[in-house]
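Peer 1: Attaching a predicted model along with its sequence, questions to come.
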Amino acid sequence: MEIFAKEIESFTNENDICIECNKFVIHPCYQAKIIRLKFKLFNFIYDLAIKKKASFILSAVREEHVRFYQSMNFHPVSSAKKYPGLNFKTTLLVNNLHSSQETLNSLPRKIRQNFNIQPIAA
């Protein structure tokens, strides 16, 4: 909130519930090998967000990870900023859960079945 307060305030209101999804790390030697694990971790996050009736999932990530998060329907809402005490910059990404159902429906059926991704309740 300290770093991205203005950006968050620009798309939320006081009634919105936001889930922060940070510290999501997979060891570099497994990055390309276990996409299924990545989907399962995000499935857990989405389930939690739905149970809490959240409107948004927020994640501040390094620039080299933005593309992966975009594949999970996250969208950049900030420029890259430096966190105090860290030696790298991060970009705030947001997943609007109201549009995530549309993203799920746009995935090929074979992929949805392969990863056992359940529809997100609106």
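Peer 2: It's in.

Peer 1: Who does the closest residue to Asn95 other than its chain neighbours form a beta bridge with?
Peer 2: Distances taken as C-beta to C-beta, 6 or more residues apart in numbering place Ile57 nearest to Asn95, at 4.2 Å, with adjacent residues excluded. In this view, the C-beta of every residue, glycine as well, is placed from N, C-alpha and C. For Ile57, the beta-bridge partners under DSSP bridges are Ile19, Asn95.

Peer 1: Double-check Ile57 against Leu92; I have them as touching.
Peer 2: No: counting by C-beta atoms under 8 Å, Ile57 stays clear of Leu92, with 11.5 Å between them.

Peer 1: When those two are compared, which one has more neighbours?
Peer 2: Ile57 (24 against 20; other C-beta atoms under 10 Å).

Peer 1: Phi, psi for Thr90 please.
Peer 2: Main-chain torsions, Thr90, degrees, to the nearest 10: phi -130, psi 160.
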